[in-house]
Each structure stands twice: as C-alpha cells, then as structure tokens.
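Q: please work out how this folds:
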Amino acid sequence: EEIYLQEEEDEEYIPPPKKRHKKDVNTICNECGKKFRDKSNLSRHLKRGHKTVKCERCEKDFDGHVALNTHLKTCWFRCEICDWLTKYKTGERMNGHKRRHVKE
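A: Below is the predicted model of the structure:
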C-alpha cells in the first residue's frame, strides 16, 4: 500500500478517489433503452432479463421496480366487498372499514 506525504507535513496522505468515467453511449440496452456505464453492466442486465413486477394492490404488471414505485404513488387498495379505496392495506383505516361489513 502506497502512502503519500503532503508537502510540509509529516501526516499520512491518501489521495481522493479517482472520478468515475462517464457513461459510454455504446452501452445501451436495445430492448429497454437503459444506459450502462460499461459493457459488463449491460451484460449483467441482459442476463437478468427484463422481468415484470406486479402491483399487489391492483394486479397490474410493470416493467421493473422504478415503474412500479411510480405507480404506487397513485394506486389504492380496494375493499373486496364494496370497492371502498385506501392507500393502506393494513392499519386502523382498513380494519375499521372491514368491521363495518361484519356489523351488516
């Protein structure tokens, strides 16, 4: 391990980390358009495949977690009995609502 000394000081000096290279425009996935820093990252992406993820609230499919997370900001849980909507599947709001159906 190399140790660098700063001028006029006896303390150990380790230079800052090197800057990362900019993305190479040639490393773009032809299937989804996602850009990658290098060919090895693109290769790993292609091996994993383009998997869809399902929203547990409405059962719609999305191309990846970024699209799903964007969707979840506006998606609501629906009561199976009366179509009442809430953002929270568990908790007092949903539990209180379900108790109304028990009384009916």
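Q: now find how far off-centre the biggest helix by length in the chain is within its chain.
A: Taking DSSP state H as the criterion, the chain has its longest helix at helix 92-103. Centroid separation for helix 92-103 versus its chain: 32 Å, with Cα atoms, centre = their mean, to the nearest Å.
Q: all helices of the protein, in order?
A: Counting by DSSP H, one finds helices in the chain at the ranges 39-48, 65-72, 92-103.
Q: give me the contacts around the longest helix of the chain.
A: Under the contact criterion Cβ atoms under 8 Å, 6 or more residues apart in numbering, helix 92-103 has outside partners 77, 79, 81-82, 84, 86, 88. Backbone N, C-alpha and C define where each C-beta goes, glycine included.
Q: narrow those residues to those in strands?
A: Judged by DSSP state E, the subset of those located in strands is 77, 86.
Q: and which of the contacts of helix 92-103 is nearest to residue 43?
A: Lowest distance from residue 43 to the contacts of helix 92-103 (Cβ to Cβ) belongs to residue 77, with 38.9 Å.
Q: surely that closest one touches residue 86?
A: Yes - using Cβ atoms under 8 Å, residue 77 is in contact with residue 86, at 5.4 Å.
Q: on that earlier part again, and the buried ones among the contacts of helix 92-103, selectable in ChimeraX?
A: Filtering the contacts of helix 92-103 down to the buried ones (16 or more other Cβ atoms under 10 Å) takes a single ChimeraX command:
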select :77,84
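Q: okay, the contacts of helix 92-103 in JSON lines with distance to residue 49 and pLDDT next?
A: Shown next, in JSON lines, are the contacts of helix 92-103 (distance: Cβ to Cβ, whole Å; pLDDT from 0 to 100):
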{"residue": "77", "distance to residue 49": "29", "pLDDT": "76"}
{"residue": "79", "distance to residue 49": "35", "pLDDT": "79"}
{"residue": "81", "distance to residue 49": "38", "pLDDT": "82"}
{"residue": "82", "distance to residue 49": "39", "pLDDT": "84"}
{"residue": "84", "distance to residue 49": "38", "pLDDT": "80"}
{"residue": "86", "distance to residue 49": "34", "pLDDT": "78"}
{"residue": "88", "distance to residue 49": "32", "pLDDT": "68"}
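Q: brilliant, that's me finished.
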